[in-house]
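> here is the input, now give the coordinates:
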Amino acid sequence: MIRAGIIGATGYAGAELVRILTGHPGVELTAITSRQYAGKPFGEVFPAMAGVVDLVCEELDIAGLCGRTDVVFLALPHKIPMALVPEIAGLGKKVIDLSADFRFSDIGLYEQHYQAHTAQELNKEAVYGLCEIYREKISKARVIGNPGCYPTSILLPLIPLLKKGLIDPGTIISDSKSGVSGAGRSVSPATHFCEVNESFRAYKIAAHRHNPEVNEVLSREAGLPVRITFAPHLVPMTRGMLTTTYASLTKEAGGADIRNCIADYYAGRPFVRMRPDGNPPNTLHVSGTNFCDIGVAIDRQNNRLILISAIDNLVKGAAGQAVQNMNIMYGLDEATGLDAVPCPV
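Just a heads-up that it's a prediction; the model follows:
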């Protein structure tokens with residue numbers, strides 16, 4: 001039985017980790033921390049978990065936490081994890097960080113868009129945890145930088161096509177829409193009910209910090225520089241993410257060719273599902289699951305490919321992918337604990 005601990009268990013991603021790990025047959029959740037709710041039972045913070053999770057939120061004590069765990073998940077704001085992970089890893093624990101602190105291979109790129117990095121040596125060995133792409137590296141890693149939600153929804157459809165040379169890397173535009181939970185649990189004017197209800201808006205256009213994360217991974221996989229145009233949007237729903245990506249085709253290809261390219265690349269990977277023509281991805285159909293649904297359409301008049309992908313931003317976009325990473329790190333079936341049957345409506 002794997003003993004797991006969560007630092008930052010009362011944010012949305014942290015709470016989702018509690019939910020998934022509680023139902024994982026190979027895991028014992030032994031410790032959860034929360035600065036704001038230390039001393040309170042988790043079931044009081046999230047009443048849906050009353051009678052299901054009996055753990056009490058603790059103040060962070062790294063030595064004490066590591067004494068009761070084999071793997072530690074960090075669901076904290078950027079900058080904080082890089083100060084904690086070296087000590088946790090130094091105590092022999094596997095680490096899965098949901099912030100951006102260990103996602104970038106290029107430290108300079110990270111520092112350009114976030115802040116100075118204080119754990120650069122450890123970052124050199126961290127693995128980007130996009131499970132369907134880097135499974136082999138993940139299986140040998142001790143520190144994982146869990147991908148962002150927007151990048152996950154963009155990268156999974158694009159990588160197989162770029163590797164096959166089917167699309168022009170200089171023409172990629174991704175238009176993404178996220179539920180409000182993607183902004184985290186902390187209160188801010190921009191995510192206040194009165195600001196998001198009956199509202200649909202773009203934000204941080206061509207300036208979102210997930211853009212360089214996507215560019216770095218696509219460039220690495222394509223073997224040449226890739227710079228996409230990215231426009232994120234906030235929609236008035238709790239969870240879910242839908243990304244529509246546009247790119248010019250470089251070869252004569254039909255929808256079936258594109259679909260088969262993606263399906264063949266992810267053959268045997270349980271969480272990528274291809275949608276048929278006329279039935280594109282829908283956030284409702286992946287809610288609460290670790291699936292990434294992908295649909296394909298071609299605008300023949302303009303020789304332009306249209307890719308649509310849907311994920312749950314808190315599951316495949318955060319906690320579910322983190323657990324999938326853990327499964328791979330420990331040699332488990334990657335779907336273990338993540339095989340909940342989706343709700344039909």
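> what sits against the nearest residue to Val196 once chain neighbours are set aside?
Using CB to CB, 6 or more residues apart in numbering and skipping residues adjacent in sequence, the residue nearest Val196 is Pro236, 5.0 Å away. C-beta coordinates here come from the backbone N, C-alpha and C atoms, glycine included. Residues in contact with Pro236 (CB atoms under 8 Å, 6 or more residues apart in numbering) are 180, 196-200.
> A helix includes Pro236, no?
No. Counting by DSSP: H, G, I helix; E, B strand; the rest coil, Pro236 is not part of a helix but coil.
> got a pLDDT number for it?
At Pro236 the predicted local distance difference test score is 94.
> and what about Thr243, helix, strand or coil?
strand.
> need the longest helix for the chain.
Taking DSSP state H as the assignment, the helix of the chain that covers the most residues is helix 149-163.
> what about that helix, distance to the chain center?
Relative to the chain's own centre, helix 149-163 is displaced by 12 Å; criterion: CA atoms, centre = their mean, to the nearest Å.
> one more: stretch 101-120?
Relative to the centre of its chain, stretch 101-120 is centred 18 Å away, using CA atoms, centre = their mean.
> hmm, who's touching the helix or strand of the chain with the lowest mean pLDDT?
Within the chain, confidence by mean pLDDT, DSSP states H and E is lowest for helix 193-196 among all helices and strands, at a mean of 87. Applying CB under 8 Å, 6+ apart, the contact partners of helix 193-196 are 180, 189-190, 234, 236.
> make it 6 Å
Here helix 193-196 makes contact (CB atoms under 6 Å, 6 or more residues apart in numbering) with 180, 236.
> stretch 41-53 too?
Under the contact criterion CB under 6 Å, 6+ apart, stretch 41-53 has outside partners 10, 15, 22, 37, 55-56.
> which stretches of the stretch 151-300 of the chain form strands?
For the stretch 151-300 of the chain, applying DSSP state E, counting those that start in this stretch gives strands covering 173-178, 201-202, 229-234, 241-248, 272-274, 292-299.
> grab the nearest non-local neighbour of Ala141.
Counting by CB to CB, 6+ apart, the nearest residue to Ala141 once its immediate chain neighbours are dropped is Val127, at 4.0 Å.
> dihedrals phi and psi, the one you found?
phi -110, psi 130 (degrees, to the nearest 10).
> can I assume it is in contact with Glu136?
No. Using CB atoms under 6 Å as the test, Val127 is too far from Glu136 to be in contact (9.6 Å).
> higher neighbour count, those two?
Each of Val127 and Glu136 has its neighbours counted (other CB atoms under 10 Å); Val127 has more, 21 against 10.
> tell me how far that one lies from Pro81.
Distance of Val127 to Pro81, given as CB to CB, to the nearest Å: 15 Å.
> can you tell me how far Gly184 sits from Lys40?
Taken as CB to CB, the span from Gly184 to Lys40 is 19 Å.
> whoops, Gln324 was the one
For Gln324, the distance to Lys40 (CB to CB) stands at 29 Å.
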